[in-house]
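Trainee: here is the input, now give the coordinates:
(2 chains)
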Protein chains: 2
Amino acid sequence: MDSFEFCSPTRFAFGRGAESRTGELLRECGGTKALLHYGGGSIRRNGVYDRVTASLEAAGVPWVELGGVQPNPREALVREGIALARREKVDFILAVGGGSVIDSAKAIAFGTLYDGDFTDYAFGKDAKVRRPVPAALPVGTVLTIAAAGSEGSCNSIISLGPEKLKRTITGDRLRPRFSVLNPELTFTLPAYQTACGLSDMFAHVVERYFTQTERVTATDELCEAVMRTVVQEGSAVMANPLDYDARANVMWAGTVAHNNVCGVGRAQDWASHGIEHELSALYDCAHGAGLAVVMPAWMDYVKDAGIGRFARFAERVWGVAPVASPEGMADEGIARYRAWLKSIGMPLTFAELGARPEDIPLLAANLHLNGNTLGAFKPLSEADVREILKLAV
Amino acid sequence: MDSFEFCSPTRFAFGRGAESRTGELLRECGGTKALLHYGGGSIRRNGVYDRVTASLEAAGVPWVELGGVQPNPREALVREGIALARREKVDFILAVGGGSVIDSAKAIAFGTLYDGDFTDYAFGKDAKVRRPVPAALPVGTVLTIAAAGSEGSCNSIISLGPEKLKRTITGDRLRPRFSVLNPELTFTLPAYQTACGLSDMFAHVVERYFTQTERVTATDELCEAVMRTVVQEGSAVMANPLDYDARANVMWAGTVAHNNVCGVGRAQDWASHGIEHELSALYDCAHGAGLAVVMPAWMDYVKDAGIGRFARFAERVWGVAPVASPEGMADEGIARYRAWLKSIGMPLTFAELGARPEDIPLLAANLHLNGNTLGAFKPLSEADVREILKLAV
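Mentor: All right, here's what the predicted structure looks like:
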């Protein structure tokens, strides 16, 4: 078990009608004027906008607003938000939406207080610097999509420039001060978007679970607990989108999957996320869908680097009987993972995703590994990445 | 799944040598002068005192100190601490020790800022008020015993008056700002104290796990994950007290067991803790030892109120094959729980604990139920409590 530091300070208000507490929570965090940040028009159509703004009014919190966040959120809107937040002297950023809206809000929260350009702290493929942000305005969230875990995480992923290069800004200062989680707000999500969320949250645990660090029993057990919950309750949600308890378990699992309580004490991988980001950058596909294509292929490619861990994954997460060889168990576990993804409507191949095999060299090159490696379970070269993408075709 | 609010803001610094960061962490939390609070002489003998104070010196943090915290910490020392903290104008309480030291430190942190008497907020048997404390000085901890979970919890339990009535002070303001967890600091604990800690942390999950609230899959899974970890790695610690990884997994499991991530979304029980507090108040026995006597007896008595949950406990935590009847599985699960407690050296009976059967009426009466009930899985009358204690004889 490795040494670690862990801090997940977000106050979670969970349950039916919780969005009516937004104004009160914002006040308790010291906010006096908010930038209300959101995406398209869905929160206006489904009444969330009205309930949240009524709550702000009731708490006496004035606000300005900036909508229009797109999936894979863009640098340009972050810059617009920073300018608006400064001009209007807001002291709190309130995100109402899913992971893209929250990530955009976090970048605005940092950029508003930072004297330089916010992309100075964006790292990823060809990082300028890899360091946590020193300060940020407080962020609160009202979550409408259970998927990205950004409501409890310390990260913000923004697509930079016309190439839409996905870069990460990080630091505990970006963790939301509060997050409102009302499972009912996810009732009306399209099935495909719900499934993309399930794929994403499951992948967040997989990235932490596959490790070469030994004897982290507590974290292993927590990972398996969350993965089983996502599979069981996720399938229940797909069968009945209005099942409150299923939506609730999925929503909370999605948060726990990514606040890093499932990751402490060991090396984490994150190669599949790195590879997927190139897919969603190039094709603007949903992140969860891209992960459904990449991650099982990654598993096929790296399993021999730790077949025992894959056998455990098969047994503990998928209920594969521990009678077969480790290799057989590993293959069966990966097969069941693919079958579950397919059952919830996720793509498994390049063709289903709308990706082109002829782009594989470009996708791998876009990682800008420059001779470095990607991932920790089995460090991958650019050639390895191409092989994984071929397996995903 | 019930609505809930959850906030666990403590920064955990985990690993070998982490206590050398105490001063730096205290500074980061804004502390400029500390009250260093501890128990007996063990931290002086084992070098922890020297390393922590060296770290304070290096960070330029002056401190005053107050040792002498006893197990089942007393009101009188809390009052002494409050007077000292006010006189010396400290702005941070640093607890170095186990749950008793941390609980005492939390009470001082509250009492120092509160104009009235700190026991105004102590509730329990005959509560004056049941409300969270409005404010407290920040608390940091350097944990030396993996057991109580106070390093991440919102509670402080103090023994009041000459009767040593155990009362709880609560509120998120009491959650430590940081907690230093170095598993090596627990290497030299006597075996009995280590085992009491294992019993205590396991019980913290049991109190949350046995519920009538349905369909809280995420929390159920997390509970089972932590219980399995405590059993597996706890047994490893008993076999080899110097096994770092075992100590590390136990220490982190003890924190996760009680920061309430294992409790959200449902009614919790806490009857066994209530009953046990009367045992440790009357006999000054170790809390974990008292729980080992009370909790299996509680299980025997309440199992019919939810036999399916007990069958699940048997299967998921103790590996009982799901072939027998639910009743048979439940009994086997409870039997294995008792066997594990015995294997780590815990008492299972009144005689082994040093308790007297003739005190049973007094122990039950001391709960001051006044016609109210205790617990949620099966609400217990005073007569029920007497029956449970008889089962524990």
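
Trainee: in a helix, A:His37, correct?
Mentor: No. Per DSSP: H, G, I helix; E, B strand; the rest coil, A:His37 lies outside any helix segment and is strand.

Trainee: what's around it, how many residues?
Mentor: 31 (other CB atoms under 10 Å in any protein chain shown). (C-beta placed from N, C-alpha, C; glycine too.)

Trainee: so what's it closest to, chain neighbours aside?
Mentor: Distance criterion CB to CB, 6 or more residues apart in numbering or on different chains; nearest residue to A:His37, sequence neighbours excluded, is A:Ala105 at 4.6 Å.

Trainee: which SS state does the one you found fall under?
Mentor: Applying three-state DSSP: A:Ala105 is helix.

Trainee: and it, how close does it get to A:Asp91?
Mentor: 14 Å (CB to CB, to the nearest Å).

Trainee: so for those two, which sits in the more crowded spot?
Mentor: A:Ala105 (34 against 17).

Trainee: max-length strand in chain A?
Mentor: Taking DSSP state E as the criterion, chain A has its longest strand at strand A:4-14.

Trainee: who are the packing partners of it?
Mentor: Using 3 or more CB pairs under 8 Å, 6 or more residues apart in numbering or on different chains; DSSP states H and E, the elements in contact with strand A:4-14 are strand A:178-181, helix A:244-256, strand B:4-14.

Trainee: low-scoring stretches of chain A, by residue?
Mentor: A:124-129 (pLDDT under 70).

Trainee: can you tell me the centre-most residue of it?
Mentor: A:Ala148 (2.7 Å; CA atoms, centre = their mean).

Trainee: against A:Leu198, how distant is the nearest residue to A:Ser104 once chain neighbours are set aside?
Mentor: Sequence neighbours aside, A:Pro73 is the residue nearest to A:Ser104 in space, at 4.1 Å (criterion: CB to CB, 6+ apart). As judged by CB to CB, A:Pro73 and A:Leu198 stand 21 Å apart.

Trainee: now do the SS call for the residue lying closest to A:Gly68 once chain neighbours are set aside.
Mentor: Nearest residue to A:Gly68 in three dimensions, chain neighbours excluded: A:Leu77, at 6.1 Å (CB to CB, 6+ apart). Under three-state DSSP, the three-state class of A:Leu77 is helix.

Trainee: how about the helices and strands packed on strand A:4-14 in TSV, adding mean neighbour count?
Mentor: Formatted as TSV, the helices and strands packed on strand A:4-14 follow (neighbours: other CB atoms under 10 Å in any protein chain shown):
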stretch	mean neighbour count
strand A:178-181	26
helix A:244-256	26
strand B:4-14	21
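
Trainee: and these as a markdown table, adding distance to A:Ala54?
Mentor: Output for the helices and strands packed on strand A:4-14, formatted as a markdown table (distance: least, CB to CB, whole Å):
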| stretch | distance to A:Ala54 |
| --- | --- |
| strand A:178-181 | 14 |
| helix A:244-256 | 23 |
| strand B:4-14 | 21 |
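
Trainee: which one of the ones you listed lies closest to B:Pro134?
Mentor: strand B:4-14 (15.7 Å; CB to CB).

Trainee: what about that closest one, distance to the chain center?
Mentor: 16 Å (CA atoms, centre = their mean, to the nearest Å).

Trainee: contacts for it?
Mentor: Strand B:4-14 has contacts (CB atoms under 8 Å, 6 or more residues apart in numbering or on different chains) with A:3-15, A:264-265, B:21, B:25, B:151-152, B:172, B:175-182, B:248, B:251-252, B:255, B:259-261, B:264-265.

Trainee: ditto for stretch A:28-41
Mentor: A:26, A:49, A:52-53, A:56, A:61-70, A:81, A:84-85, A:88-98, A:100-101, A:104-105, A:108, A:138, A:140, A:177-178.

Trainee: could you do stretch A:300-317 as well?
Mentor: Outside stretch A:300-317, the residues touching it (CB under 8 Å, 6+ apart) are A:209-212, A:220, A:224, A:227-228, A:231, A:271, A:299, A:320-322, A:326-327, A:329-334, A:336, A:375, A:377-378, A:380, A:384, A:387-388, A:391.

Trainee: and for stretch A:348-363?
Mentor: Here stretch A:348-363 has contacts from A:275, A:278-279, A:282-283, A:285, A:289-290, A:292-293, A:296, A:338, A:341-342, A:347, A:385-386, A:389-390, A:392-393, using CB under 8 Å, 6+ apart.

Trainee: for the stretch 151-300 of chain A, which segments count as helices?
Mentor: Assigned by DSSP state H, counting those that start in this stretch, the helices in the stretch 151-300 of chain A fall at A:191-209, A:217-239, A:244-256, A:271-283, A:287-302.

Trainee: got the CA positions of the longest one in PDB?
Mentor: So that's helix A:217-239. Taking C-alpha atoms only, helix A:217-239 is exported to PDB below (Å, rounded to 0.1, in the frame of the first residue of the first chain):
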ATOM      1  CA  THR A 217      -7.300  -4.600   0.200                       C
ATOM      2  CA  ALA A 218      -9.400  -1.700   1.400                       C
ATOM      3  CA  THR A 219      -9.300   0.100  -1.900                       C
ATOM      4  CA  ASP A 220      -9.700  -3.100  -4.000                       C
ATOM      5  CA  GLU A 221     -12.800  -3.900  -2.000                       C
ATOM      6  CA  LEU A 222     -14.200  -0.400  -2.400                       C
ATOM      7  CA  CYS A 223     -13.600  -0.500  -6.200                       C
ATOM      8  CA  GLU A 224     -15.400  -3.800  -6.600                       C
ATOM      9  CA  ALA A 225     -18.300  -2.600  -4.500                       C
ATOM     10  CA  VAL A 226     -18.700   0.400  -6.800                       C
ATOM     11  CA  MET A 227     -18.300  -1.600 -10.000                       C
ATOM     12  CA  ARG A 228     -21.000  -4.100  -8.900                       C
ATOM     13  CA  THR A 229     -23.300  -1.300  -8.000                       C
ATOM     14  CA  VAL A 230     -22.900   0.400 -11.300                       C
ATOM     15  CA  VAL A 231     -23.600  -2.900 -13.200                       C
ATOM     16  CA  GLN A 232     -26.500  -4.000 -11.100                       C
ATOM     17  CA  GLU A 233     -28.300  -0.600 -10.700                       C
ATOM     18  CA  GLY A 234     -27.200   0.600 -14.100                       C
ATOM     19  CA  SER A 235     -29.000  -2.300 -15.700                       C
ATOM     20  CA  ALA A 236     -32.000  -1.600 -13.600                       C
ATOM     21  CA  VAL A 237     -32.000   2.100 -14.800                       C
ATOM     22  CA  MET A 238     -31.800   1.000 -18.400                       C
ATOM     23  CA  ALA A 239     -34.800  -1.300 -17.800                       C
END
